[in-house]
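**Student:** Structure for this input, please:
(one chain, ligands or ions: 2)
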Amino acid sequence: MPDALDATPYDALLLLSFGGPEGPDDVVPFLENVTRGRGIPKERLKEVGQHYFLFGGVSPINDQNRALLDALRKDFAEHGLDLPVYWGNRNWAPYLTDTLREMVADGRRRILVLATSAYASYSGCRQYRENLADALATLETEGLELPKIDKLRHYFNHPGFVEPMIDGVLRSLEELPEDVRAGAHIAFTTHSIPTSAADTSGPVEVHGEGGAYVEQHLDVAQLIADAVRERTGIDHPWRLVYQSRSGAPHIPWLEPDICDHLEAAHTQGVPAVVMAPIGFVSDHMEVLYDLDTEAKAKAEELGLPLRRSATVGADPRFAAAVRELITERAAVERGQEVTPCALGALGPSHNLCPVGCCPARASHPAAAGADSPYT
Ligand SMILES: CC1=C(CCC(=O)O)c2cc3nc(cc4[nH]c(cc5[nH]c(cc1n2)c(C)c5CCC(=O)O)c(CCC(=O)O)c4C)C(CCC(=O)O)=C3C
Ligand SMILES: [Fe+2]
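**Tutor:** Numbering: from 1, shown residues only. Ligands and ions are numbered 1, 2, ... in the order given. The predicted structure is shown next:
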């Protein structure tokens with residue numbers, strides 16, 4: 001047995017995810033949960049519902065989280081990290097509030113949260129913190145003693161997140177027909193968000209002009225492209241592109257869309273493309289529908305060879321990264337010196353979201369940040 005690792009003061013890890021439907025009857029109530037008060041056009045909701053129905057009303061995200069839970073528990077056991085792992089979702093069962101109630105009943109007082117979103121942005125960070133605050137508010141009305149909740153720093157540039165994606169891109173390149181492989185372009189994809197949300201993502205003092213969201217993705221894309229060049233000797237041209245746009249058409253969102261990009265690439269004579277969905281932690285519906293269904297159909301129509309590389313999912317290197325992030329943060333909380341691990345140009349992300357980080361359109365309490373009403 002290795003020496004026991006120290007998670008003190010934490011007594012539990014909470015895997016906090018998006019959640020997804022697990023059958024046709026779940027789809028509409030799930031979409032209602034996701035879009036409550038968010039002003040998404042009815043037409044878009046019908047369309048997104050169809051994406052789910054195409055796959056039997058089942059999102060792959062829950063099974064992927066179950067696999068990640070297994071990987072985390074296995075890794076912790078193998079490395080002597082004695083920390084129970086719980087799972088709660090923002091938009092579907094097991095619901096965050098129910099899990100948190102269970103954690104309190106189990107006597108958990110200091111909870112560390114791992115969100116299945118690696119980057120800054122309102123949708124990828126603050127919204128998770130708002131849902132934590134809402135869950136705490138509910139437990140408070142029930143007269144429960146509230147636990148203290150912290151959130152792990154953004155892990156987009158952690159080697160345990162980046163390295164599996166490098167392997168994935170290399171594998172996808174190898175899958176391309178040999179005659180087009182050397183000339184292939186890489187399209188790194190992430191979820192489009194409104195440009196107003198992109199511009200204000202991250203801590204105000206730290207990020208550049210266009211916000212942390214794009215900056216962080218560009219950092220990861222560059223890391224992967226550099227590693228691919230080192231391993232293959234070929235400098236594959238790349239670009240960061242976007243997918244899964246929703247919202248009203250007159251509101252600007254990040255562009256270009258992956259399908260428009262494929263068309264432009266084809267017109268310019270690009271012989272093949274590898275899509276690398278670096279914005280997502282696992283192969284959930286955005287990946288299955290927007291890339292594997294829609295973008296692949298577009299490529300077929302164009303006669304453009306296209307491969308989609310793997311997301312991190314339950315890769316053991318990602319589980320190990322989570323363990324390292326936990327012991328790192330626990331040491332910080334104990335007042336010890338640590339050297340946080342991060343690749344790329346941006347350095348390790350902040351541990352505590354400062355006031356005004358990734359602001360929402362409407363003010364809403366958010367937990368696990370400097371502006372949390374819960375301490
Ligand atoms: C940045 C980002 C991530 C990555 C970070 C993270 O992972 O958190 C993400 C993940 C996900 N988004 C998901 C699903 C949905 N997102 C929607 C809507 C929206 N997402 C947005 C952004 C993001 N979303 C935004 C700006 C909107 C517009 C409405 C709003 O301002 O809030 C809608 C409503 C319909 C539509 O408009 O598409 C659905 C159904 C699922 C589950 C998939 C599954 O079931 O497998 C996952 C993992
Ligand atoms: Fe989304």
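
**Student:** So which bits of the stretch 151-300 of the chain are right by ligand 1?
**Tutor:** 191, 193, 244, 246-247, 279, 284-286 (CB under 6 Å from any ligand atom). Where you see a C-beta, it was placed from the backbone N, CA and C, and this is true even at glycine.

**Student:** Kindly report the domain assignment for this structure.
**Tutor:** 12-155+314-333, 159-308 (automatic domain parsing).

**Student:** Can you add mean pLDDT and distance to residue 371 and give the ones you listed back as TSV?
**Tutor:** TSV is the format used below for these (pLDDT from 0 to 100; distance: least, CB to CB, whole Å):
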stretch	mean pLDDT	distance to residue 371
domain 12-155+314-333	96	9
domain 159-308	96	12
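
**Student:** Nearest to residue 364, out of those domains?
**Tutor:** domain 12-155+314-333 (4.9 Å; CB to CB).

**Student:** Dump the domains of the chain into a markdown table; add mean neighbour count as well.
**Tutor:** A markdown table is the format used below for the domains of the chain (neighbours: other CB atoms under 10 Å):
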| stretch | mean neighbour count |
| --- | --- |
| domain 12-155+314-333 | 18 |
| domain 159-308 | 19 |
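
**Student:** okay, the ones you listed in CSV with distance to residue 357 next?
**Tutor:** What follows is the domains of the chain, written out as CSV (distance: least, CB to CB, whole Å):
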stretch, distance to residue 357
domain 12-155+314-333, 7
domain 159-308, 5
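
**Student:** quick one: which helix or strand includes residue 218?
**Tutor:** helix 212-232 (DSSP states H and E).

**Student:** re the thing from before, out of the residues of the stretch 151-300 of the chain next to ligand 1, list just those in helices.
**Tutor:** residue 285 (DSSP state H).

**Student:** show me where the chain has helices.
**Tutor:** Using DSSP H, helices in the chain cover 27-35, 42-53, 61-78, 96-105, 127-141, 159-175, 178-181, 195-199, 212-232, 258-267, 285, 296-302, 316-333.

**Student:** Need those helices in TSV (columns: distance to residue 13).
**Tutor:** What follows is the helices of the chain, written out as TSV (distance: least, CB to CB, whole Å):
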stretch	distance to residue 13
helix 27-35	24
helix 42-53	29
helix 61-78	7
helix 96-105	10
helix 127-141	14
helix 159-175	15
helix 178-181	41
helix 195-199	28
helix 212-232	23
helix 258-267	33
helix 285	25
helix 296-302	36
helix 316-333	7
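
**Student:** just so I know, which of those lies nearest residue 113?
**Tutor:** Of all those, helix 127-141 comes closest under CB to CB, at 6.9 Å.

**Student:** export that closest one as PDB, just CAs?
**Tutor:** Extracted in PDB, the C-alpha atoms of helix 127-141 (Å, rounded to 0.1, in the frame of the first residue of the first chain):
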ATOM      1  CA  GLN A 127     -23.900  28.600 -13.300                       C
ATOM      2  CA  TYR A 128     -22.600  25.500 -11.500                       C
ATOM      3  CA  ARG A 129     -21.900  27.700  -8.500                       C
ATOM      4  CA  GLU A 130     -25.300  29.300  -8.600                       C
ATOM      5  CA  ASN A 131     -26.900  25.800  -8.600                       C
ATOM      6  CA  LEU A 132     -24.800  25.000  -5.500                       C
ATOM      7  CA  ALA A 133     -26.100  28.100  -3.800                       C
ATOM      8  CA  ASP A 134     -29.600  27.200  -4.700                       C
ATOM      9  CA  ALA A 135     -29.100  23.700  -3.200                       C
ATOM     10  CA  LEU A 136     -27.700  25.200  -0.100                       C
ATOM     11  CA  ALA A 137     -30.600  27.600   0.200                       C
ATOM     12  CA  THR A 138     -33.000  24.600   0.000                       C
ATOM     13  CA  LEU A 139     -31.200  22.700   2.700                       C
ATOM     14  CA  GLU A 140     -31.200  25.900   4.900                       C
ATOM     15  CA  THR A 141     -35.000  26.100   4.600                       C
END
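
**Student:** just the angle between that helix and helix 96-105, please?
**Tutor:** Put simply, helix 127-141 runs at 60 degrees to helix 96-105, going by axes from the mean of the first three to the mean of the last three CA atoms, to 10 degrees.

**Student:** now check helix 127-141, is it near ligand 1?
**Tutor:** No: counting by CB under 6 Å from any ligand atom, ligand 1 is not contacted by helix 127-141; separation bottoms out at 7.0 Å.

**Student:** and the two most separated of the residues of the stretch 151-300 of the chain next to ligand 1?
**Tutor:** Taking CB to CB, no two of those sit farther apart than 247 and 284, at 19.4 Å.

**Student:** which residues touch residue 350?
**Tutor:** 153, 203, 206, 357 (CB atoms under 8 Å, 6 or more residues apart in numbering).

**Student:** pLDDT wise, what is it at?
**Tutor:** Looking at residue 350, its pLDDT is 96.

**Student:** circling back to that earlier point, nearest to residue 14 among the helices of the chain would be which one?
**Tutor:** Per CB to CB, nearest to residue 14 of the helices of the chain: helix 96-105, 6.8 Å.

**Student:** Check which helices and strands the closest one sits against.
**Tutor:** strand 12-17, strand 85-89, helix 127-141 (3 or more CB pairs under 8 Å, 6 or more residues apart in numbering; DSSP states H and E).

**Student:** Serialize the ones you listed to TSV and add fields for distance to residue 72.
**Tutor:** As requested, the helices and strands packed on helix 96-105 are exported to TSV (distance: least, CB to CB, whole Å):
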stretch	distance to residue 72
strand 12-17	7
strand 85-89	5
helix 127-141	18
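
**Student:** Between these, which one is closest to residue 313.
**Tutor:** Nearest of the helices and strands packed on helix 96-105 (CB to CB): strand 12-17, 12.6 Å.
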